[in-house]
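# structure of the sequence below:
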Amino acid sequence: GEQRVSRLPTFVPVQADKTPLPNTVHFVAVRRDALLQVAPETITEAEEIDARELPASLQNPANFLAFRAYDAGHTLSVRVVKHDYEPVAALVLQHVHLDTVLPAEGRATTEAYLVVRNNDRQYLELELPGAAKVRALRVGDKSVQPRKGQGGTLLVPIMSGRGKDEAFVVALVFDHDVEASPGLYDSWTLYAPKPVGEVKSDILTWRVFAPADRIYTSFGGTVDRVDPEHSWAQDLLAQIGSTFFSQDTGRRVNFRELIHGVKSPFQTKHEGTPIDFHGRLGEGTVELTGIEPGSLSLLKLLWFVVAAVGVVLAVRFGRAAGLTPARVVVAGALVLIALMIPAQPGFAAVLDAMLFGVLLAGAGYFVGGVLRRNTPAKPADTSDKPAAEPPPTEDADTSADEAEGGEA
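Predicted coordinates:
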């Protein structure tokens, strides 16, 4: 919207000599249009007060802001944001709940439950994902024959004879394709049904029944997981942070309360590992990445070995730079812990294996150093060496000279 800063007008009673009247209190009341967002910008020599503290002459239920000043030189300004007018939506999806059975291969099956409030529409038009084929459709308690709109959309007839904003439930089940990326890590992307036209969507809850033979390592998309998994490093940081910092006290969406009472009228087998998601809008996407348990174990073993060998090489280079093995090991461990804090479950498991490899290699250096310090040095072995002849003394040289002289 358009933004601007407005200075509020000031009316100061003055005396005959044009000086401000002494011992006066100045009050300012602010009212606003429904399309305006107003907030204080600059307050000088004044204070903001509760609107109920204004004098009786200024009392009004429409008062939005109130100020008081004891100094005639006060100044007040507010920031004003103008919003465009938004017409009331003709159709409101108060709550959308999805149950999706995701197979390892092939097409998925989704049951959708939409709590609809109608203002002035005859049809709800939905864009279904992945070449969807509708098996069954129910509006209220009655089965309805699905109809196609332009572009392959689904037209859902609105119940007649309902009061304005009176809610009813639309339930449907459909098979659809899924975007899949097979490999060492298998990835799937799911799309929620998308309403077409002037439709407001309030909230989305989504339960995905994923293949049970996978360990799910990461999640993405535009909706959030209800019970996210955290690494031990992130949990530890959260506990430390709760001691020194205030926590967010906002009310979380109660997923189980929202889906309580949702019963399937269809014969869909909900097989697999249930994973719950929720979003603040009635549409969105879910991304899952999984890996077979055996492959994840081999991957963790590989990175354990890589980390242990990396420590040995790092210690050798560190010694050349004057670093002790302890410093190299501690630095490597701290880097891995820092990477683990924002990591999703699969990456955190790999980092756990690497950290174990670093600490085990460091323990080997520590034990080796202790053994070297506690082992006494061996004495030199001189048994095979010939005894050294003593050097000639001065007396022996003299006696030899004398003997030669006598013979002469």
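
# helix or strand for residue 219, which one?
Assigned by DSSP states H and E, residue 219 falls within strand 215-221.

# run the chain-centre distance for that strand.
When distances are taken as CA atoms, centre = their mean, to the nearest Å, strand 215-221 is centred 12 Å away from the chain's centroid.

# now swap in stretch 343-353 and tell me
In terms of CA atoms, centre = their mean, the centre of stretch 343-353 is found 15 Å from the chain centre.

# what's in contact with that stretch?
Stretch 343-353 is touched from outside by 185, 215-219, 229, 231, 233-234, 289, 291, 296, 299-301, 303-304, 307, 336, 339-340, with contacts defined as CB atoms under 8 Å, 6 or more residues apart in numbering. Yep, even glycine has a C-beta here, placed from its N, CA and C like the rest.

# near the closest residue to residue 197 other than its chain neighbours, how many residues? Count them for me, please.
Among residues not flanking residue 197 along the chain, residue 125 sits closest, at 5.9 Å (CB to CB, 6 or more residues apart in numbering). Using other CB atoms under 10 Å, residue 125 has 19 neighbouring residues.

# residue 112 contacts residue 172, doesn't it?
Yes. Contact criterion CB atoms under 8 Å: residue 112 and residue 172 qualify, at 5.3 Å.

# which of those two has more neighbours?
For residue 112 versus residue 172, neighbours defined as other CB under 10 Å are more numerous around residue 172 (24 against 21).

# for the helix or strand in which that one is found, give me every contacting residue.
Element membership for residue 172 (DSSP H and E) is strand 167-176. Residues from elsewhere that reach strand 167-176 (CB under 8 Å, 6+ apart): 94, 107-117, 124, 128-140, 146, 154, 156, 159, 162, 265-266, 268.

# quick one: mean pLDDT over it.
Averaging pLDDT along strand 167-176 yields 89.

# which neighbours in the sheet does that strand have, and how are they oriented?
strand 108-118 (antiparallel), strand 133-139 (antiparallel) (DSSP bridges).

# in the longest helix along the chain, what's buried?
Longest helix of the chain, by residue count under DSSP state H: helix 345-374. Buried residues in helix 345-374, defined by neighbour count with 16 or more other CB atoms under 10 Å: 345-346, 348-359, 361-362, 365.

# with stretch 50-67 instead?
51, 54, 63, 65-67.

# one more: stretch 286-296?
So for stretch 286-296, counting by 16+ other CB under 10 Å, buried means 286, 288-291, 296.

# show me those that map onto helices.
In helices, defined here by DSSP H, the members of those are residue 296.

# number of nearby residues for residue 11?
6.

# just the pLDDT at it, thanks.
pLDDT at residue 11 comes out at 72.

# now it: closest residue in space that isn't a chain neighbour?
Among residues not flanking residue 11 along the chain, residue 26 sits closest, at 7.9 Å (CB to CB, 6+ apart).

# what's the answer for residue 75, then?
residue 44 (4.5 Å).

# let me know whether that neighbour touches residue 67 as I believe.
No. Assessed by CB under 8 Å, residue 44 is found out of contact with residue 67, at 10.8 Å.

# where do the contact lists of the two overlap?
If you check residue 44 and residue 67 against CB under 8 Å, 6+ apart, the residues they both contact are residue 76.

# ranges for the helices of the stretch 101-250 of the chain?
232-244 (DSSP state H, counting those that start in this stretch).

# circling back to that earlier point, neighbours around the residue nearest to residue 11, how many?
Residue 26 - counted by other CB under 10 Å - has 19 other residues nearby.

# any idea how far residue 66 is from it?
For residue 26, the distance to residue 66 equals 12 Å [CB to CB, to the nearest Å].

# go on, residue 276?
46 Å.

# with residue 155 instead?
52 Å.

# likewise for residue 167?
In this view, residue 167 and residue 66 are 39 Å apart by CB to CB.

# and if you look at residue 27?
From residue 27 to residue 66 the distance is 7 Å (CB to CB).

# pretty sure residue 305 sits against residue 357.
Yes. Using CB under 8 Å, residue 305 is in contact with residue 357, at 6.8 Å.

# returning to that earlier point: now the buried residues of stretch 286-296 in CSV, with pLDDT?
Listed next are the buried residues of stretch 286-296 as CSV, based on pLDDT from 0 to 100:
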residue, pLDDT
286, 92
288, 91
289, 91
290, 90
291, 89
296, 85
